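Visitor: Pasting the sequence and the predicted model now:
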Amino acid sequence: RKEVEQDPGPFNVPEGATVAFNCTYSNSASQSFFWYRQDCRKEPKLLMSVYSSGNEDGRFTAQLNRASQYISLLIRDSKLSDSATYLCVVNINTGNQFYFGTGTSLTVIP
Amino acid sequence: EAQVTQNPRYLITVTGKKLTVTCSQNMNHEYMSWYRQDPGLGLRQIYYSMNVEVTDKGDVPEGYKVSRKEKRNFPLILESPSPNQTSLYFCASSLTGPYTQYFGPGTRLTVL
């Protein structure tokens, strides 16, 4: 069983749409959660950390549900520049290992 | 400029020819890590290091070696590369373990 699972998509949405991605993790010892963005096989870059109380950064909102072991990312008012692959990342506290989901592909269409 | 650098960026080699991919960071980060990225499998952690002279295996360490003699450098060594090690490799660093990682630009390795 994979440590982190994401719907690979692709998600094709029109500009201005709201889109949500979910990610589930299997290890209850997971302690830190992140969403990264990766453009066209370039290096991943941090989009936002995910906190237990949920957090928002402009058009992006991240939520964590420890009971159900999933995290989510909501993008409001999608822009063309949001087109990318979004990676869910989980850190396991026992060994400081990071586990990445396979990524969800988003294309925002004019 | 704060950054993680990797060299080379592209490498084509043959089976069995030892190679080293270098990684260096200028942010005084304690934690460094190597990943490989393959289609359909995502990024998988190869090795990581919590600090100088401290390294641990990640998810897919077979066929790889690392060393951390200095805080800024974390080279990845393939003693005898094989075609199944053809992949896109990323080095990353963070201040300490469970925090934001900063990635290098990637090294695309092809083993023939």
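Guide: Structure's in. What do you need? Residues are numbered from 1 along each chain as shown, chains lettered A, B, ... in the order given.

Visitor: Now do the contacts for residue B:4.
Guide: B:23-25, B:27, B:91-93, B:102-104 (CB atoms under 8 Å, 6 or more residues apart in numbering or on different chains). (Glycine included, C-beta is placed from N, CA and C.)

Visitor: Then residue A:54?
Guide: When contacts are counted by CB under 8 Å, 6+ apart, residue A:54 is found next to A:61-64.

Visitor: Could you tell me how far the residue lying closest to residue A:66 once chain neighbours are set aside is located from residue A:3?
Guide: The shortest distance from residue A:66 to any residue other than its chain neighbours is 6.9 Å, reached at residue A:52 (CB to CB, 6 or more residues apart in numbering or on different chains). Taking CB to CB, to the nearest Å as the criterion, residue A:52 is separated from residue A:3 by 19 Å.

Visitor: Can you pick out the residue with more neighbours from the two?
Guide: Here residue A:52 and residue A:3 are compared on neighbour count by other CB atoms under 10 Å in any protein chain shown; more neighbours surround residue A:3, at 17 against 10.

Visitor: was I right about the more buried one contacting residue A:26?
Guide: Yes. With the criterion set as CB atoms under 8 Å, residue A:3 and residue A:26 qualify as a contacting pair; they are 5.5 Å apart.

Visitor: sorry, back to before: let me know the pLDDT of the residue nearest to residue A:66.
Guide: pLDDT, the model's per-residue confidence, is 86 for residue A:52.

Visitor: Contact residues of chain A facing chain B?
Guide: The interface of chain A toward chain B, taken as CB under 8 Å from any CB of the partner chain, is made up of A:31-32, A:34, A:41-46, A:49, A:87, A:91, A:93, A:95-103.

Visitor: Produce a PyMOL select command limited to the buried residues of those residues.
Guide: Selecting in PyMOL just the buried members of these, where the criterion is 16 or more other CB atoms under 10 Å in any protein chain shown, is done with this command:
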select buried, chain A and resi 32+34+43+44+46+49+87+91+96+97+98+99+100+101+102+103
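
Visitor: and the residues of chain A next to chain B, which of them are in strands?
Guide: A:31-32, A:34, A:45-46, A:49, A:87, A:91, A:97-100 (DSSP state E).

Visitor: all strands of chain B, in order?
Guide: Secondary structure of chain B (DSSP E): strands located at B:4-7, B:10-13, B:19-25, B:31-38, B:42-51, B:54-57, B:65-66, B:76-78, B:87-94, B:102-103, B:107-111.

Visitor: can you put those strands in JSON lines and add mean pLDDT?
Guide: What follows is these, written out as JSON lines (pLDDT from 0 to 100):
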{"stretch": "strand B:4-7", "mean pLDDT": "98"}
{"stretch": "strand B:10-13", "mean pLDDT": "97"}
{"stretch": "strand B:19-25", "mean pLDDT": "98"}
{"stretch": "strand B:31-38", "mean pLDDT": "96"}
{"stretch": "strand B:42-51", "mean pLDDT": "94"}
{"stretch": "strand B:54-57", "mean pLDDT": "94"}
{"stretch": "strand B:65-66", "mean pLDDT": "98"}
{"stretch": "strand B:76-78", "mean pLDDT": "98"}
{"stretch": "strand B:87-94", "mean pLDDT": "97"}
{"stretch": "strand B:102-103", "mean pLDDT": "96"}
{"stretch": "strand B:107-111", "mean pLDDT": "98"}
